[in-house]
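> 3D, please:
(one chain, ligands or ions: 1)
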Amino acid sequence: MAPPSSAYETFKLFINGETVDAVSGKTFASLNPYTGQPWATIADGGPEDIDIAVRAARAAFEGEWGAKSGFERAAVMRNIADAISANAERLALLEVRDSGKLMREMIGQLKGLGTWYTYYAGLADKLEGKTVPALNPQTYFGYTLRQPVGVVGAITPWNSPLLLLTFKLAPLLAAGCTCVVKPSEHSPASTVAFAQILTEAGLPPGVLNVVTGWDRSTGEALAAHQGVDKVAFTGSTATGAKVAQAAVANINKVTLELGGKSPQIVFPDADLDAAANGVIAGVFAATGQTCMAGSRLIVHESVKDELVAKVVERANAIKQGDPTEAGTEMGPVANRPQYEKVLGFLAGAKAEGATIACGGEPNADLGGLFIRPTVVLADPEKTIVREEVFGPVLAAYTFTDEDEAVALANDTPYGLAGAVWTKDVHRAHRVAAAVRAGTIWINAYRVVTPNMPFGGFGLSGIGRENGTDAVDEYLENKSVLVEL
Ligand code: NAD
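Residues are numbered from 1 along each chain as shown. Next up is the predicted model:
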């Protein structure tokens, strides 16, 4: 792979191990949200390109990749892990240019990404079926086989393209599946480079294909393609519902990782400095543009003033600026539509009578797409408390007792994540069990590892990524019965 470059770059589609132009010959520009300038030309693939890519993935599934044993797939996956680490800086720079995320955070994230491939490589050679005792042991013998689902259509959002692709790709490779991925039109570059790096590391042609495209018809074509056996989607709840309908029309399996409005519950006995740090990291990482953002602070009334003061002090101290500089703590919002959406939520909150404790406006010193880290004091029924903002905005409100805290935390159609801050071990576990969400952290936030399942209750999704069970999302369970 080429070293990090500051030059204008071109990214084509990646199909069957080769970079190719879109059938239409069209391209679109990818904008750097920090500079506001185009920095790359991206191939504008459409339904025809999706069709070609799905055929390539099918051929690889029925050919070289499908013929490999679990041991052989594991060996390739370990090479992939090494290649990702070796190229972490180059890939990080692409994500920073596309999305405005912090360079030092992205290098850390990408250096850690190989762990997903080594973790699932460890499962690839252990996909065992079981023998099943027969009703009448004299007449037949039964056993099960776990076989790959086939071709997976993966659709990813703009906020963490390679991490969220990896949540799908590592287990599907372990299972023996192949993949066509459609990255977001707002951050497509890193996925193309990633596929090239993985192919150079030994992934056979056609196992991972990338079709970029500006128009939503590209994603629609993948979700609805009859040559796809399973759709794995990460993105907004509204789009997820459309993707699920398209997949189900083909009676395809579907995994949905969707939006969230995750609570951070702080009890009066909590270490308030640790809680304030956790709340800040929980909501403001990646400029608030993470599905698991802890965007609702539900704090006991007796410590509300003290905790909010600590959070506001820390929020006001966050250094915004150039995402590639080591000292920068928060970059811009990733694209203009999202910037306008966040400002719309802030205007709505003010109109609904919420109190802006800090921020609440663009950062005029920097211009561009910068919005100041914002803390809003609002009643639980306000829009800013109820809807996913996907920006640097925390909504804070109070509770009086444990039952009310749990009821407020659960008063949302989402259920992706949450945290409880307390020194009372009994209460911590009671509340962790009672909050309806896929992940609860106790006195922590935002710890995501390959070995712990991740996914949502309610509108936050269907299925789980990460953990040993995630491989099952890409496997069929077959019964074999032998007459004796
Ligand atoms: P989005 O739903 O707008 O787009 C996601 C992807 O779907 C993009 O690649 C887009 O091009 C594609 N798409 C759009 N319309 C489509 C259609 N009709 N059919 C098929 N594909 C279509 O989401 P976004 O704005 O890119 O990402 C932000 C959202 O993603 C937030 O809601 C966030 O919470 C969610 N998210 C969830 C997780 C998770 O793991 N649960 C992780 C990150 C982001």
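
> Which residues does the helix or strand hosting residue 57 contact?
Following DSSP states H and E, one finds residue 57 within helix 47-62. The contact list for helix 47-62, computed with Cβ atoms under 8 Å, 6 or more residues apart in numbering, reads 13, 15-16, 22-24, 66, 148, 150-153, 176-180, 182, 204-207, 209-211, 213, 217-218, 220-222, 225, 227-228. For the C-beta atoms, the positions are set from N, CA and C on the backbone; glycine is no exception.

> The residues you listed: which ones sit near the ligand?
Residues of those in contact with the ligand (Cβ under 6 Å from any ligand atom): 182, 220.

> Quick check: ChimeraX command selecting the buried ones in the contacts of helix 47-62.
The ChimeraX command for the buried members of the contacts of helix 47-62 (criterion: 16 or more other Cβ atoms under 10 Å) is given here:
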select :13,15,16,22,23,66,148,150,151,152,153,176,177,178,179,180,182,204,205,206,207,209,210,211,213,218,220,221,222,225,227,228
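
> Show only the entries of the contacts of helix 47-62 found in helices.
Among those, the members found in helices (DSSP state H) are 217, 218, 220, 221, 222.

> Export only the CA atoms of stretch 73-89, formatted as CSV.
Extracted as CSV, the C-alpha positions of stretch 73-89 are listed here (Å, rounded to 0.1, in the frame of the first residue of the first chain):
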residue,chain,number,x,y,z
ARG,A,73,-9.5,-19.4,6.6
ALA,A,74,-8.0,-18.8,10.1
ALA,A,75,-4.5,-18.5,8.6
VAL,A,76,-5.7,-15.9,6.1
MET,A,77,-7.4,-14.0,8.9
ARG,A,78,-4.3,-13.9,11.0
ASN,A,79,-2.4,-12.4,8.0
ILE,A,80,-5.2,-9.9,7.6
ALA,A,81,-4.8,-8.8,11.2
ASP,A,82,-1.1,-8.1,10.7
ALA,A,83,-1.8,-6.2,7.5
ILE,A,84,-4.3,-3.9,9.2
SER,A,85,-1.8,-3.1,11.9
ALA,A,86,0.9,-2.4,9.3
ASN,A,87,-1.4,0.0,7.4
ALA,A,88,-3.2,1.6,10.4
GLU,A,89,-1.7,5.0,9.7
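
> what is the mean pLDDT for it?
Stretch 73-89 shows an average pLDDT of 98 in the prediction.

> now the helices for the stretch 101-250 of the chain?
For the stretch 101-250 of the chain, applying DSSP state H, counting those that start in this stretch gives helices covering 103-124, 161-175, 189-200, 216-224, 237-249.

> Quick check: which of these is buried the most?
Per residue and on average, the most neighbours among those fall to helix 161-175, with a mean of 26 (mean count of other Cβ atoms under 10 Å).

> Could you double-check that residue 104 sits in contact with residue 327?
No: the criterion here is Cβ atoms under 8 Å, and residue 104 misses it with residue 327 at 9.4 Å.

> Quick check: pLDDT value at residue 176.
As predicted, residue 176 sits at a pLDDT of 98.

> ok, so of the ones in helices among the contacts of helix 47-62, who is nearest residue 245?
Nearest to residue 245 out of the ones in helices among the contacts of helix 47-62 is residue 220 (Cβ to Cβ; 10.6 Å).

> I figured the closest one hits residue 245, correct?
No: taking contacts as Cβ under 8 Å, residue 220 lies outside contact range of residue 245: 10.6 Å.

> shaky segments in the stretch 151-300 of the chain?
Counting by pLDDT under 70, the stretch 151-300 of the chain contains no low-confidence range.

> Quick one: name the residues of it near the ligand.
When proximity is defined as Cβ under 6 Å from any ligand atom, the stretch 151-300 of the chain approaches the ligand at 155-159, 164, 182, 184-185, 216, 219-220, 223, 234-236, 239, 242-243, 257-260, 291.
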